[in-house]
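Student: A predicted structure for the sequence below; I have some questions about it.
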Amino acid sequence: MNAFTHGAWRRIRVVAREEYRRALETRWLFGFTALFAVLVLGLSYFGLAQGREVGFQGFARVTLSLMNLVLLIVPLTGLMLGITSIAGSSETLALLLAQPVTRGEVLLGRFLGLAAALSAAQALGFGGGGVVIALNAGFGQIPGFLALTALSLVLGWLTVAAALCIASIWPDRLQAMSIGLLLWLGLVVAYDLGVLGTTALLRGAPLQAVLFPALLLNPVDLVRILVTLAVGSGALFGPTSAVLAGMFGSHAGIAVGVTVLALETVLPLAIATRVFSRRDW
Amino acid sequence: MTGGAARLLALAAAGVLAASPAGASVTRVPAGDGARQAVAGAAAGDTLVLAAGVHHGPLRIERGLTLRGEAGSVVDGGRRGTVLEIVAPGVVIEDLAVRGSGTRALTIDSGIHVIAAGGVVIRRVRLDDVLYGIYAERATGLVVEDCHLHGRATPGDPSGEGNGIHVWYTPDARLAGNTIDHFQDGIYLSFAHNTLVAHDRLQDNARYGLHTMYCQQNRLVENLFTRNVAGVAIMFSNHLVVEGNDVLHNRGPRTYGLLLRDCSDGEFINNRLVDNTVAIFMDNSNRNRMRGNLIQDNGWGLLMFSSCDGNEFAENNVIHNDYPVALDMRRTNNRFDDGARGNYWSDNAPYDLDDDGVSDVPYSPVTAFAFLSKQYPDLAILARSPAVAALGVAERVIPAMRPSEAVDRFPLLEPVAVSGGGTRRAPRATAPAWATLAGFGALALFGLLGLLRGWRAP
């Protein structure tokens, strides 16, 4: 590693550490951490207690309930965290940009800081939930829960990257937040409703050719499908599950899934860096 | 079946030796090649006791005698053809182990093959390494009790051949207390009217636990069907009574708990259908009554084609299924209440102002998504999407969105107390996994420390 990249990395770390500290001060993340920990622990404990009373399955269902929680609030938190980090904070930003750091370093540093903060908050919740499940359910249900933990972290990074991209393009805070909320609504609800409606309209046209790529492109759907397969509830997807299991049961399929998620993180980040570097802050 | 009990029986047989009437004899056959000759030489009413050790088959029983094994006695077919062939009425096979049939389905290579012989009794027999377990044709009044049948099929492999107990053209059979695994179908009944299937365990079979074709008035009572492709598949069979069965963990892409095709006028009472992909599937099946069943943790609770009519579904507990009911018809003559009481639905939010235990508001168990994904199965890939949950909320608020007129007019506020079941609850591992515990504990601690450090830092 030469002196230049070493210096760049050092500067990125300084920005990241500062951003991490700043993120933890915001009420957004504090609220998220508390809510997330309480919900994960509560769902793990009471979901299991209920499962035990009735005496069947239960555990896979706990993970799936947690997944629904993750799909709703992790993208929202990631988006809001990323947007408030840049949009509408032009004074501090201007001060920071006056320092001997490049804009790319600032953006990358902020991404890493925010991603770390969001990950730490989730680690607390998932760690606690994992302890509860491991105590009560033994090892059998852990792989599904582990997959949920990992994919939830990735979903957090991915939405932070998207948020930085949005905030770089629309520096006005209100505007950026509106667009962030729209994106959230789109990813979580509107996208699937659109797929549902389109399918009903097409009336049995060859569906899989359209449906599969469409769902792979939405990270929220991709995470949902991967976690559902990982907890062994793939049968929920009906006859399609055989196709999916064939796809994601193989290393190639998992590689495709991971690549899509990685691209959906890196691409917005690259766009954000470009826009952020050219804007007159 | 214990060796001790077998020894007692052998002693009892020796006792009978002295007291047996003239003409009926009890003969002890030592292990080896003597069994074939002994069977050929015995007269109707005689008892042959096979001594411990391996007896070489195949044996063909042409007179109504009793074949009994001492503890540790085995009849081995040498993996060629059928091991034990019974062609005379009144034969009794007891306390025996049978193994090593051939491998050809065409020649019906089985452990025990009963041909045109009524009143045959097979009791406490253990069958291993066989293509078919017990194959009975024209065997009126067949009794198979307390047997263990273990076949060669791999669970979930559709190319598996050979059924555990295969009954063809045989009325009044009684199959009770058997454990049957690793066959194509655990029990296959064809033109077997008035059969009783009770207290059997049918598990890990390549296709169905129980499969009936063209059978009338069969009774299935308190059996366990688990980890088969379909627990119970009933086809072209009417007037059934299915009571107190456990149908559990039949999971997979095309897997059913109870599959009914052209099956009418049946009674399905107090069964427990838990953790199946589809708990109850119905096609072209009419006027069945389903009551007191527990339908829990399944993907689909009740999946019904529009070819079904006049079925009544009341006082069941429908709990935590992803789709409680899926129909592909807008109008339906199937009833989800009996005119006074409906079912308990866990995802209903009922209210009951007059406090009579029945909700004041009807409940529609068919969600728009269940309806759509029934028509376009590929859509099931959206299962558990937040969008689908949102759609559910919208349906509740805007009743016009309801896709089907199927309605429970009297949904219950509390689950129905279901009698029976509960005795064979699946055991579960409760031992904590310490390594994962430590891992997740570390993760939580890591998160906590990270957060604290961030907050504390200047």
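Tutor: Cool, got the structure. These numbers were taken from a predicted model, which means no experiment stands behind them.

Student: CA atoms for contacts and neighbours, from now on please.
Tutor: Fine.

Student: report the central residue of chain A.
Tutor: Nearest residue to the geometric centre of chain A (C-alpha atoms, centre = their mean): A:Leu155, 1.6 Å.

Student: downstream neighbour of the helix or strand hosting that residue in the secondary structure list?
Tutor: Assigned by DSSP states H and E, A:Leu155 falls within helix A:142-169. Counting by DSSP H and E, the element after helix A:142-169 in chain order, helix or strand, is helix A:173-185.

Student: in that following helix, what's buried?
Tutor: By 16 or more other C-alpha atoms under 10 Å in any protein chain shown, the buried positions in helix A:173-185 come out as A:Arg173, A:Ala176, A:Met177, A:Ile179, A:Gly180, A:Leu181, A:Leu183, A:Trp184, A:Leu185.

Student: what's the answer for stretch B:104-116, then?
Tutor: Those would be B:Arg104, B:Ile108, B:Asp109, B:Ser110, B:Gly111, B:Ile112, B:His113, B:Val114, B:Ile115, B:Ala116, for stretch B:104-116 by 16+ other C-alpha under 10 Å.

Student: which stretches of chain A have low pLDDT?
Tutor: A:1-4, A:47-59, A:137-141, A:204-207, A:235, A:238-239, A:242, A:249, A:281 (pLDDT under 70).

Student: output the longest helix belonging to it.
Tutor: Assignment by DSSP state H gives helix A:103-137 as the longest helix of chain A.

Student: would it count as contacting chain B?
Tutor: Yes. Counting by C-alpha under 8 Å from any C-alpha of the partner chain, chain B has neighbours in helix A:103-137: A:117, A:119-128, A:130-131, A:134-137.

Student: give me the buried entries from these.
Tutor: A:117, A:119-128, A:130-131, A:134-137.

Student: for the residue nearest to the centre of chain A, which non-adjacent residue is spatially closest?
Tutor: A:Pro75 (6.7 Å; C-alpha to C-alpha, 6 or more residues apart in numbering or on different chains).

Student: related to what we said a few turns ago, near chain B too, which of the buried residues of helix A:173-185?
Tutor: Filtered for proximity to chain B (C-alpha under 8 Å from any C-alpha), the buried residues of helix A:173-185 leave an empty set.

Student: give me the neighbour count for residue 146.
Tutor: No chain was given, so I picked chain A. The tally of other residues near A:Leu146 (other C-alpha atoms under 10 Å in any protein chain shown) stands at 20.

Student: my bad, the chain I had in mind was chain B
Tutor: Counted with other C-alpha under 10 Å, B:Asp146 comes out at 19.

Student: which other residues reach stretch A:259-275?
Tutor: Stretch A:259-275 has contacts (C-alpha atoms under 8 Å, 6 or more residues apart in numbering or on different chains) with A:103-104, A:107-108, A:154, A:157-159, A:161-162, A:164-166, A:168-169, A:216-217, A:219.

Student: specify the angle between the lengthiest helix in chain B and helix A:142-169 in degrees.
Tutor: The longest helix of chain B (DSSP H) is helix B:434-456. Angle, helix B:434-456 to helix A:142-169, by axes from the mean of the first three to the mean of the last three C-alpha atoms, to 10 degrees: 30 degrees.

Student: now stretch A:270-281 - C-alpha only, CSV.
Tutor: Extracted C-alpha coordinates of stretch A:270-281, given in CSV (Å, rounded to 0.1, in the frame of the first residue of the first chain):
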residue,chain,number,x,y,z
ALA,A,270,-20.7,5.3,-7.4
ILE,A,271,-23.4,7.6,-8.7
ALA,A,272,-23.5,9.4,-5.4
THR,A,273,-19.7,9.9,-5.4
ARG,A,274,-19.9,11.3,-8.9
VAL,A,275,-22.8,13.7,-8.3
PHE,A,276,-21.4,14.7,-4.8
SER,A,277,-18.0,15.5,-6.3
ARG,A,278,-19.4,17.8,-9.0
ARG,A,279,-21.9,19.7,-6.9
ASP,A,280,-21.0,23.2,-5.6
TRP,A,281,-21.8,22.7,-1.9
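
Student: quick one: residues contacting the nearest residue to B:Leu445 once chain neighbours are set aside.
Tutor: The spatially closest residue to B:Leu445, leaving aside those adjacent along the chain, is A:Leu124, at 6.8 Å (C-alpha to C-alpha, 6+ apart). By C-alpha under 8 Å, 6+ apart, the residues touching A:Leu124 are A:Thr33, A:Ala37, B:Leu443, B:Ala444, B:Leu445, B:Phe446, B:Gly447, B:Leu448.
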